[in-house]
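[1] Any chance you can model this:
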Amino acid sequence: MKIGLFGQFGSGNSGNDGSLEAMLNLLRERCPEAELLCICSNPDLVRKKYGILSVSLNGTISGGPRADRLNRMLGNMPHRLARISSLFKQLKGLDLIIIPGTGILDDYQETPWGWPFVIFRWCMAARLRNVPVAFVSIGAGPISHPLSRFFLKTAAQTAKYRSYRDDFSRRYLQDIGMNVEQDFRFPDIAFRLPMPKLSRVASGPRRTVGVGVMHYRGWAKSSLNGKEIYQTYIGKLAEFVTWLAGEGYDIRLLTGDLRDQIAVHDLMEKIKDMDAQSALDHVAVGLGETLHDLMREIDKTDVVIVSRYHNVVCSLKLGRPIISLGYAQKNDNLLAEFSQSQYCQHIETFDLDMLRLQLEQILANFDDIRKQIADGNDRVQKSLAEQDDLLTERLLAPRNARRKLASPIGGDSRALG
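    Numbering: from 1, shown residues only. Coordinates of the predicted model:
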């Protein structure tokens, strides 16, 4: 059996790569004889990192300067057609394409002819090649541009199997006209990653607060006020970090994407500009190249305040009380499943007084919150095990041994209770 794994892997986002790794672990457990092909953003990096055959999701194009000039004259149409032809060649011999996790069905920082069109053309090519596609524990919505909505909805409709990591994603696709009655609801597959080896030393007299830093400039890629959104966010975060240091906390900065290092630098400079240099003595910058790195950094904290979805996942996986400064509904939904919905704000509108109050409430109810998160993790692992069996039954078993289940269990599956 030859299986393709499709997504923005190797692009510098630890959550995307962690989702790929979680699926690789599942396939090696349940279908060890399968030949794997990763269709991704950075095939060289993925090949080196995970040891699997990888190709570019953009396809391959040959030609010289003259061909490039002709392509520009014709509005890039020759290259688009050449890429589609390349897709058909790369799909040859595949028995299945799996899209593992990630918020693949939204248009955050995208234009219609970017990622939405890439997904659309691959799914349509797979359909024409008669290669089944499985969307596994994916996130969906919002999709702000009508053309992006058409591309992503059409792509999702080609799938043989669909499961969503939260109720919002399923409802969103239903609201834009997709039939989701036979679809499933299971947790984000990054929860399936093994725990890294942790070596936390006994905590000292100062509590440590993990603070996620994100290079956030609004939802839309072409946002006219993106710079203002970013500067306001960094300014408020700098004020909060300075307050934490003054209150006797240590701070560990957490990231989830290579671009977040820019925001870390800008945050540190902003703190200096506030004449709060002494606060930086209590600030450490954590590594976050992989979700394993991120979990090791979170293990050095007592409480975390983060924005990126997989920072939330890793914090909950480690049992850390958390405050979310989210930029989409997905964070709020995930925290609600762990009985933590009161600890959510939006990254563009968060209130510092409320943030201080939320931190105080968490510390006052620390043990109870840890117990609620532990109970949520138990539910997550049971539900993921259910999906493992379902995927094996429906997609990974030898073709002559597969049997169609009598009724879908996903329609009634509540992944986290």
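[2] Just the helices from the stretch 1-150 of the chain, written as ranges.
    Counting by DSSP state H, counting those that start in this stretch, one finds helices in the stretch 1-150 of the chain at the ranges 14-30, 43-50, 65-73, 77-91, 115-128, 146-157.
[3] just so I know, which of those lies nearest residue 282?
    For those, the distance to residue 282 is smallest for helix 14-30, at 25.0 Å, taking CB to CB. No exception for glycine: its C-beta is placed from N, CA and C like everyone else's.
[4] who does that closest one touch, helix- and strand-wise?
    In this structure, helix 14-30 packs against strand 2-6, strand 35-40, helix 43-50, strand 96-100, helix 291-298, helix 309-317, helix 366-391, with contacts taken as 3 or more CB pairs under 8 Å, 6 or more residues apart in numbering; DSSP states H and E.
[5] hey, least reliable of the helices of the stretch 1-150 of the chain by pLDDT?
    With a mean of 64, helix 65-73 has the lowest mean pLDDT of the helices of the stretch 1-150 of the chain.
[6] Can you say which of the helices of the stretch 1-150 of the chain is nearest to residue 390?
    Nearest to residue 390 among those is helix 14-30; the distance by CB to CB comes to 10.9 Å.
[7] Figure out how far that closest one is from the centre of its chain.
    Centroid displacement of helix 14-30 relative to its chain, using CA atoms, centre = their mean, to the nearest Å, is 13 Å.
[8] Buried residues in that helix, which are they?
    Within helix 14-30, the residues scored as buried using 16 or more other CB atoms under 10 Å are 14-24, 26-27.
[9] Looking at those, which one is closest to residue 265?
    The nearest member of the buried residues of helix 14-30 to residue 265, counting by CB to CB, is residue 14 at 18.3 Å.
[10] For the closest one, give me its contacts.
    Remark: with contacts taken as CB atoms under 8 Å, 6 or more residues apart in numbering, residue 14 is in contact with 256, 257, 288, 289, 290, 291, 293, 294, 310.
[11] And it, how far from residue 324?
    In this view, residue 14 and residue 324 are 17 Å apart by CB to CB, to the nearest Å.
[12] Can you redo the helices and strands packed on helix 14-30 as TSV, where the extra columns are mean neighbour count and distance to residue 228?
    Listed next are the helices and strands packed on helix 14-30 as TSV, based on neighbours: other CB atoms under 10 Å; distance: least, CB to CB, whole Å:
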stretch	mean neighbour count	distance to residue 228
strand 2-6	21	36
strand 35-40	22	34
helix 43-50	17	34
strand 96-100	25	35
helix 291-298	23	29
helix 309-317	27	24
helix 366-391	16	35
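[13] Identify whichever of these lies nearest to residue 337.
    Distance to residue 337, taken as CB to CB, is lowest for helix 366-391 among the helices and strands packed on helix 14-30, at 6.2 Å.
[14] What is the neighbour count of residue 206?
    By other CB atoms under 10 Å, the residues close to residue 206 number 14.
[15] Could you check how far it is from residue 326?
    Spatial separation of residue 206 from residue 326 under the definition CB to CB is 27 Å.
[16] List the contacts of residue 223.
    Contact partners of residue 223, counting by CB under 8 Å, 6+ apart, are 217, 229.
[17] Ramachandran angles for it?
    Residue 223 has phi and psi values of phi -60, psi 130 when expressed as degrees, to the nearest 10.
[18] same thing with residue 107?
    Backbone phi and psi, for residue 107 under degrees, to the nearest 10, turn out to be phi -120, psi 40.
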